[in-house]
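# For reference, the sequence and a predicted model appear below.
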Amino acid sequence: MEAVEKGDSDESAPAVLERLIHKAEQAEASDIHLQMGAVSAAVSFRLDGVMTPAAELTVELAERVFGRIKFLARLKTYQESLPQDGRIDKAAVRGCSDIRVATYPTVTGEKIVLRLFSSAHDPNACGAGISQGCPFGIGAPVEPGHGSAVADRPCRQRQNHHDICLSSTSRRARGPAHNNR
């Protein structure tokens, strides 16, 4: 586990957050968990379903990082006693993954979970932000009148530009053809 030294606590919250996200993406973590404690904040990555300690932040630095996360996710920065949900676009943190944010009050302090949504199946996802043949973004194509079986095919295999590309096949995200069901 990497401990952030006293001298590093002067580092900016945006730089620390970006570094944590890049390390998690390199490790192919699905989540980043930040748990505030009495004397420090523990940072863990979920790797293959197992929580793995990744770093420890000083309380002062952790408070700034927590504030930065909440600001980017458009959450109430002053609210620590109620759960909140939001999202961070990958461009805001110069990452390869869009991020879902969830905050929770705990006995020892606030906990923040960052869920990383990456396109590991797409080698162009991080570099260009858009897969080949998919002008709308990264994900799977959905044709009007078809279910999620069509969505299982990666977008870069398709060249038909009337497809809707998305990272989720939920009813709300499928596109206008599916919202009338």
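The structure has been received and is ready for your questions.
# Please report how far the residue lying closest to Arg115 once chain neighbours are set aside lies from Leu114.
Excluding the flanking residues, the one nearest Arg115 by Cβ to Cβ, 6 or more residues apart in numbering is Arg100, at 4.2 Å. Every residue, glycine included, has its C-beta placed from N, CA and C. As judged by Cβ to Cβ, to the nearest Å, Arg100 and Leu114 stand 7 Å apart.
# Looking at the two, which is more packed in?
Neighbour count, other Cβ atoms under 10 Å: between Arg100 and Leu114, Leu114 has more, with 25 against 16.
# Quick check on the more buried one: phi, psi?
When read as degrees, to the nearest 10, the backbone of Leu114 gives phi -110, psi 120.
# How about it: which residues does it bridge to?
Leu114 forms beta bridges with Ile32, Val101, as assigned by DSSP bridges.
# quick one: contacts for it?
With contact set as Cβ atoms under 8 Å, 6 or more residues apart in numbering, Leu114 has these partners: Ile21, Ala24, Asp31, Ile32, His33, Leu34, Ile69, Ile88, Ile99, Arg100, Val101.
# Farthest pair within those residues?
Maximum pairwise distance in these, criterion Cβ to Cβ, is 15.4 Å, between His33 and Ile88.
# Neighbour count for the two, which is higher?
Ile88 (23 against 19).
# and the more buried one, bridged to which residues?
Ile99.
# One more: Pro53?
Legend: beta-bridge partners of Pro53 under DSSP bridges are Ser44.
# Pretty sure it sits against Ala42.
Yes - applying Cβ atoms under 8 Å, one finds Pro53 in contact with Ala42, separated by 6.7 Å.
# which residues in this protein form strands?
With strands called from DSSP state E, the chain shows them at 2-3, 31-36, 40-47, 50-58, 84-88, 98-106, 109-117, 140-142, 164-166.
# ok, and which of the ones you listed has the densest surroundings?
strand 140-142 (a mean of 24; mean count of other Cβ atoms under 10 Å).
# ok so, going back, would you mind telling me which of the strands of the chain is nearest Glu11?
Of the strands of the chain, the one closest to Glu11 (Cβ to Cβ) turns out to be strand 50-58, at 10.1 Å.
# orientation of that closest one relative to strand 40-47 in degrees?
150 degrees (axes from the mean of the first three to the mean of the last three Cα atoms, to 10 degrees).
# what's the angle from strand 50-58 to strand 31-36?
Counting by the same axes, to 10 degrees, strand 50-58 lies at 40 degrees to strand 31-36.
# What ranges in the protein fall below the confidence cut-off?
Scanning the chain with the threshold set as pLDDT under 70 gives 1-9, 119-181.
# Go again with 90.
Within the chain, the set of residues satisfying pLDDT under 90 comprises 1-11, 118-181.
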